[in-house]
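A.B. asks: coordinates only, sequence not included:
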């Protein structure tokens, strides 16, 4: 029962920390759309927080390059578990048009476990909300929390 | 009324102490978020949202940063929680049984109010994070800014009532005569105490010590999991307690001018106060620390001294 309470509470109150792993800034601007009156994700308990210590969901935007990879790994290590990771935008998922770049460190899921993929360049707000719904479904399915 | 040990524990832990204050305080944070959302034409979170947040944080890991003294870092939020519980108990019990007040409870209340900024400063300084230390130094400056006007506001009502020092006596004076708010000096004292409470709660325009977009949460930056849950709960309880503080000292407690249905009207008074706090919070930008200091020392302090002089004259 305690586990159910924990899971239910986590599913209803995902606090989002937004990790900029060398993005072009388009994804970052689009994330803020979710907080506007039109979409208002605070209805579902989502909040943007300023520190990875408070976060439950890491939104990683941008193509992870060799220089920023260390920071992404450190932010992931600093986030209290249980936490989820979303690869946000085509760059984080696959590298997009930077695949052949000399400093591309590989897709995000090569380095840290990714729970949700949100595609698009940048993703539409509807796609982001779908991603959040996927994340919540994933939490409900988790066995050990 | 018999004040046996069992009753004291009941008052402290269940009603009107820890349990009652924490539930109402969390509901207050819901009112806060909902009204904010409505002001911005959003829908806002559901009623139980603060409870989800609290239980979620309880179920997460807690990190103690490298180089931070574990006992101080994790102990500070617990001290804050305990002091706010005692604070709300003293304020509400003296409202329920005004004759039971002990001498000097006003001073106890003032000291307990100091605890919350102090535990924030101690916890942030113990976290060995430079940004938290910046938040702690801002919290300290802000505390120095608002404490003096707050003391003058309380001195005003003490002078106005003819030197009563017990909360129960002050309440009975207000029930016998009129709430302090309805006199010139009392209204001025209320305005300055209200602004001090806004700063004490750390709300915009005085959320300089936390400043999410600037120093990432400042004093609470390094806290995570259950420790953060306790800090959030402390702040929620302080929210409730601050509104009660203003109601008890300036607005005649939970009793309406007409006796009989004070249960409904009286309990709406603190809600009216927090809606006012939320409106100020949502219509002002954040001040810099020097602007906040200047505001409190040159405007609010002068205002509260004027109120004090008016009370001494007898208005």
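C.D. replies: The structure has been received and is ready for your questions. As the structure is a prediction and not an experimental result, all values here were calculated from the model.

A.B. asks: Tell me if I'm right that residue B:273 and residue B:243 touch.
C.D. replies: Yes. Taking Cβ atoms under 8 Å as the definition, residue B:273 is a contact partner of residue B:243 at 4.6 Å. Yep, even glycine has a C-beta here, placed from its N, CA and C like the rest.

A.B. asks: Same drill for these two, tell me which one is more crowded.
C.D. replies: Between residue B:273 and residue B:243, residue B:243 has the larger neighbour count (other Cβ atoms under 10 Å in any protein chain shown), namely 25 against 21.

A.B. asks: In terms of helices and strands, where is that one?
C.D. replies: helix B:225-250 (DSSP states H and E).

A.B. asks: Residue B:14: neighbouring residues, count only.
C.D. replies: 11.

A.B. asks: And it, how far from residue B:280?
C.D. replies: 33 Å (Cβ to Cβ, to the nearest Å).

A.B. asks: for residue B:246, same thing?
C.D. replies: Taking Cβ to Cβ, one finds residue B:246 at 13 Å from residue B:280.

A.B. asks: Contacts only, for residue B:77.
C.D. replies: B:119, B:123, B:223, B:227, B:230, B:231, B:234 (Cβ atoms under 8 Å, 6 or more residues apart in numbering or on different chains).

A.B. asks: and what of residue B:62?
C.D. replies: A:80, B:74, B:223, B:224, B:225, B:226, B:227, B:228.

A.B. asks: sorry, back to before: give me the subset of the contacts of residue B:77 touching chain A.
C.D. replies: Filtering those for proximity to chain A by Cβ under 8 Å from any Cβ of the partner chain leaves residue B:223.

A.B. asks: Let me know the closest of the contacts of residue B:77 to chain A.
C.D. replies: residue B:223 (6.7 Å; Cβ to the nearest Cβ).

A.B. asks: thought that closest one was touching residue B:126?
C.D. replies: No. Counting by Cβ under 8 Å, residue B:223 sits too far from residue B:126 to count as a contact (10.7 Å).

A.B. asks: Between those two, which has more neighbouring residues?
C.D. replies: residue B:223 (30 against 24).

A.B. asks: Which strand or helix spans the more buried one?
C.D. replies: With DSSP H and E as criterion, residue B:223 is part of no helix or strand.

A.B. asks: residues contacting the residue nearest to it when sequence neighbours are not counted?
C.D. replies: Once flanking residues are discounted, residue B:223 sits nearest to residue B:231: 5.7 Å by Cβ to Cβ, 6 or more residues apart in numbering or on different chains. Neighbouring residues of residue B:231 by Cβ under 8 Å, 6+ apart: B:77, B:80, B:123, B:220, B:223.

A.B. asks: so how far is residue B:60 from the last one?
C.D. replies: It stands for residue B:223. Taken as Cβ to Cβ, the span from residue B:223 to residue B:60 is 11 Å.
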